[in-house]
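Student: structure for the following, please:
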Amino acid sequence: MDEPKVPEELAALDEELSRPVRVRDRRTDPGPAAMVVAVAMLVLVAALVLPWTGAAQGWQVLAGTVALGLLPPLFALTSLGFGLVVSALALATRWWALAWLAAVGCGVSVVTGLWAIWSRQVAVTAGATGPGPGLVLAVLAVLVLAVTWVRIAGRR
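Tutor: This next block holds a predicted model:
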C-alpha cells in the first residue's frame, strides 16, 4: 500500500519547526560551571607572568626567548591554545563539539604540563633550575579546565 503523500507546504513547515531542535541539540549549557571555567582561564593567564623556572616567566617560554627544551614551550602552546582560545570559543558559542575539543585538548595539555614539570626536575641535576610556581599553577588550572569541560560536555 502506498502511504499518503505529505503536501509540500506541510513538509516545509515540518522542516522549519524542526530546525531549532537540531540547533539546540548541538549546543551545551555550562550553567554555573561557566564561572569555574572563567576563573581557571584567569588563573592560566596569571600563571604566564609568574616564573616557570628560575627567572623565566611563562610568557617568555611561550615567546621562545628562553631555551628550556621542547616540553615547557609545548605545554605553553597547548595550554593557551586549548585552555584559553578553545575554552573561550566554547563558552561564547556553547557548541557541544567545541566543549569536547576543549576537554580533550586540556587533557592533552595536562599531560604535556606534567612532562614539562618532570623535564625541569630532571634538569636540576645538570645544574638547571626546577619548576617554578607559574608552571605548577598553569598545570593545575588546565587540570581544572579539563575536568570542568568533561563535566559540561558529558551532560548532554
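Student: going by C-alpha atoms from here, please, whenever you check contacts or count neighbours.
Tutor: Noted.
Student: pull out the buried residues from the longest helix anywhere in the chain.
Tutor: For the chain, the helix reaching the highest residue count under DSSP state H is reported as helix 96-123. Buried positions in helix 96-123, judged by neighbour count with 16 or more other CA atoms under 10 Å: 96, 98-110, 112-117, 119-121.
Student: give me the buried positions along whichever helix or strand comes after it.
Tutor: Using DSSP states H and E, the next helix or strand after helix 96-123 towards the C-terminus is helix 133-154. By 16+ other CA under 10 Å, the buried positions in helix 133-154 come out as 133-146, 148-153.
Student: ok, back up a step: what packs against the longest helix of the chain?
Tutor: helix 71-80, helix 87-93, helix 133-154 (3 or more CA pairs under 8 Å, 6 or more residues apart in numbering; DSSP states H and E).
Student: low-confidence ranges in the chain?
Tutor: The chain contains residues with pLDDT under 70 at 1-3, 6, 13, 20-26, 156.
Student: show me the contacts for residue 48.
Tutor: 57, 58, 59, 134, 138 (CA atoms under 8 Å, 6 or more residues apart in numbering).
Student: list the residues that contact the residue nearest to the first one when sequence neighbours are not counted.
Tutor: Closest residue to residue 57 apart from its sequence neighbours, by CA to CA, 6 or more residues apart in numbering: residue 51 at 4.1 Å. Counting by CA under 8 Å, 6+ apart, residue 51 touches 57, 58, 132, 133, 134, 135.
Student: make it 6 Å
Tutor: Neighbour list for residue 51: 57, 132, 134 [criterion: CA atoms under 6 Å, 6 or more residues apart in numbering].
Student: same check on residue 79?
Tutor: Counting by CA under 6 Å, 6+ apart, residue 79 has contacts residue 109.
Student: so how far is residue 103 from it?
Tutor: Distance of residue 79 to residue 103, computed by CA to CA, to the nearest Å: 12 Å.
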